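Student: Below is the sequence, then the predicted model.
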Amino acid sequence: MSCNSTTTDHDFEAQSQKINNFLQNVDHKIVVMSGKGGVGKSTIATNLAVFLSSQGYKVGLLDVDVHGPSVAGLLGLTDLKLNIINNRIQPYSYTDNLKVISIQGLLNHPDEPLIWRGPMKIGIIRQFLGDADWGSLDFLIIDSPPGTGDEPLTVAQTVIDCQAVIVTTPQEISLADVRKSIQFCQKVNMPILGLIENMSGFVCPSCNSLHAIFKSGGGEKLATAVNIPFLGRLPIDPSVVTAGDAGQSIDSLNNPSKEKLQGIVEQIINQLPNKKKGADSTMKIAIPLAGGKLATHFGHCQEFAIMTIDNGNVIKHETLTPPPHAPGVIPNWVADLGCTDILVGGMGEAAQVILKERGVKVSCGAPSDTPENLVALYLRGELVDSGNACDHDAHGHDCGSH
Ligand code: ADP
């Protein structure tokens, strides 16, 4: 099999048909983009694929960064070779749930440079989509080179319902380039799932304090300004480099970066039109309780109602006792339970940030009522979220970090 840039119209149409046949069997297509190189785009794309696949989703990871493919190295697949059987590319099976194709699998040596013009790049991307045995997938994650060149354009034009995740670092020079990526997506009508701010501050391993080396918060401000979702931030973490260089995923780290990335993945899943495989309309709603009704004091409530909803019906109603109250404990406990939503009277900003980062939707301003009534109101869309409702609960306690 070779990349043929002189295909006839007929060949092109036949290949388009094969591409469409494959794409029809992929639930979600996500291209990970960045304005600049070196901001961690491949690290995020690769780990997004690993995290999703370890949650049970069938994932394909396609590296179309022709000039700097790094996905294979990040997964420790230095001798990745792509087999061709019956004229079909066989993706590398990283695990049962994760298949990988990288241009690196076609090179004789990982350091070999590819000097290709646009049509050849377009040709190989189309072959990776149409002539590969991916099978059906829940997610196709595409790692695109930085900028707005041939590769992202081919993806946008070929993968019709693709959505973009944009990675930036917080410095203005990186944000300036990201604005171009945003405009590119708007021009090619590719919806943006959201923006990730990588290398956002450095947590000193000695003193544990956060240093904003490249500044922090610029990505979120930009996302708010241009009205796209902010998916979360990942700090500078030397162990991310060590893991990447050793071909290991962030999933293997068991440190705050893993938790942060987990939160980002949950945010991405929450942004998708069909949230979860086989459970499109499944929700798990947490409600803090006192005396069987919504407790206004979120941080010190006696128990939580955890209601599982499927297709608009409550299929499970549990009452659980939260762990003893300490800053951040209860929001993380709620997220660990797999809750997708939480209904509260009010909640401090710190708790809201944790829940948001972990992909739990917070709805403030709920009245003191039974969980059944509140869920019914919520599902009918009649529970009005008052936004950042309060920093103090009804008893005057600050519930900010609870
Ligand atoms: P890009 O795809 O944008 O060019 P990479 O994902 O290849 O960027 O990352 C560039 C370098 O930065 C790699 O060495 C990677 O390990 C490192 N890196 C990425 N994210 C982080 C992070 N959050 N903390 C520390 N290093 C990171």
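Tutor: Noted; the coordinates are in hand. What you are looking at is a predicted structure, and each value in this text was computed from that prediction instead of being measured. Residues are numbered from 1 along each chain as shown.
Student: Where in the protein is the helix or strand with the lowest mean pLDDT?
Tutor: The weakest-scoring helix or strand in the chain, judged by mean pLDDT, DSSP states H and E, is strand 210-211 (a mean of 70).
Student: Closest residue of the stretch 251-400 of the chain to the ligand?
Tutor: residue 257 (6.5 Å; Cβ to the nearest ligand atom). Glycine gets a C-beta too; all of them are placed from N, C-alpha and C.
Student: How is that residue assigned, secondary-structure-wise?
Tutor: Under the three-state scheme (DSSP: H, G, I helix; E, B strand; the rest coil), residue 257 adopts helix.
Student: follow-up on the earlier one: check which element follows the least confident helix or strand of the chain along the chain.
Tutor: helix 218-225 (DSSP states H and E).
Student: Are that following helix and the ligand in contact anywhere?
Tutor: No - using Cβ under 6 Å from any ligand atom, helix 218-225 stays clear of the ligand, coming no nearer than 12.6 Å.
Student: In contact with the closest residue to the ligand within the stretch 101-250 of the chain, which residues?
Tutor: Closest residue of the stretch 101-250 of the chain to the ligand, Cβ to the nearest ligand atom: residue 244 (3.5 Å). Residues in contact with residue 244 (Cβ atoms under 8 Å, 6 or more residues apart in numbering) are 43, 73, 74.
Student: From those, which land in helices?
Tutor: 43, 73, 74 (DSSP state H).
Student: Hmm, residue 28 is touching residue 163, no?
Tutor: Yes - with contact defined as Cβ atoms under 8 Å, residue 28 counts as touching residue 163 (7.4 Å).
Student: ok, those two, which is more surrounded?
Tutor: residue 28 (22 against 19; other Cβ atoms under 10 Å).
Student: residues in contact with that one?
Tutor: 138, 139, 140, 163, 272, 274.
Student: What's the per-residue pLDDT of the fifth one here?
Tutor: Confidence at residue 272, expressed as pLDDT, is 82.
Student: Kindly report the same for the first one.
Tutor: Here, the pLDDT recorded for residue 138 equals 92.
Student: Distance check, it against residue 29.
Tutor: 11 Å (Cβ to Cβ, to the nearest Å).
Student: residues in contact with residue 329?
Tutor: Here residue 329 is in contact with 322, 323 (criterion: Cβ under 8 Å, 6+ apart).
Student: Quick check: phi and psi at it.
Tutor: When quoted as degrees, to the nearest 10, the phi and psi of residue 329 stand at phi -70, psi -50.
Student: Same question for residue 253.
Tutor: According to degrees, to the nearest 10, residue 253 has phi -80, psi -30.
Student: ok, it touching residue 238?
Tutor: No - Residue 253 lies out of contact with residue 238 (Cβ under 8 Å); the separation is 11.0 Å.
Student: List of residues touching stretch 66-74?
Tutor: 37, 42-43, 45-47, 61, 63, 65, 78, 80, 100, 102-105, 110, 113-114, 116, 121, 124, 143, 145, 151, 244, 247, 249.
Student: what about 7 Å?
Tutor: 42-43, 45-46, 61, 63, 78, 80, 100, 102-105, 114, 116, 121, 143, 145, 151, 244, 247 (Cβ atoms under 7 Å, 6 or more residues apart in numbering).
Student: can you give me the mean pLDDT across it?
Tutor: For stretch 66-74, the mean pLDDT works out to 82.
Student: that older thread, from the contacts of residue 244, which single one is nearest the ligand?
Tutor: Looking across the contacts of residue 244 and measuring by Cβ to the nearest ligand atom, the closest to the ligand is residue 43, at 3.3 Å.
Student: who touches the closest one in this structure?
Tutor: Contacts of residue 43 by Cβ under 7 Å, 6+ apart are 74, 240, 244.
Student: Kindly report the same for residue 164.
Tutor: By Cβ under 7 Å, 6+ apart, the neighbours of residue 164 are 31, 33, 185, 190, 192, 193.
Student: before we move on, what about residue 136?
Tutor: Per Cβ under 7 Å, 6+ apart, neighbours of residue 136: 25, 58.
Student: and with 8 Å instead?
Tutor: Neighbours of residue 136 in contact, by Cβ under 8 Å, 6+ apart: 25, 26, 58.
Student: could I get those residues as a markdown table with pLDDT, neighbour count and secondary structure?
Tutor: A markdown table is the format used below for the contacts of residue 136 (pLDDT from 0 to 100; neighbours: other Cβ atoms under 10 Å; DSSP: H, G, I helix; E, B strand; the rest coil):
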| residue | pLDDT | neighbour count | secondary structure |
| --- | --- | --- | --- |
| 25 | 87 | 12 | coil |
| 26 | 91 | 21 | strand |
| 58 | 93 | 21 | coil |
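Student: For residue 218, state which of these is nearest.
Tutor: Closest to residue 218 out of the contacts of residue 136 is residue 26 (32.9 Å), distances taken as Cβ to Cβ.
Student: Got the domain ranges for the protein?
Tutor: The chain breaks down by automatic domain parsing into domains covering 16-271, 282-379.
Student: Let me have the ones you listed in TSV, extended by distance to residue 8.
Tutor: Converted to TSV, these look like this (distance: least, Cβ to Cβ, whole Å):
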stretch	distance to residue 8
domain 16-271	13
domain 282-379	47
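Student: Quick check: residues of the stretch 151-300 of the chain near the ligand?
Tutor: 198, 199, 234, 236, 237, 240, 241, 244.
Student: Okay, and which of those map to strands?
Tutor: 198, 199, 234, 236 (DSSP state E).
Student: correct me, but residue 87 touches residue 131?
Tutor: Yes - with contact defined as Cβ under 8 Å, residue 87 reaches residue 131; the gap is 7.0 Å.
Student: Looking at the two, which is more packed in?
Tutor: Neighbour totals were compared for residue 87 and residue 131, and residue 131 leads with 17 against 7 (other Cβ under 10 Å).
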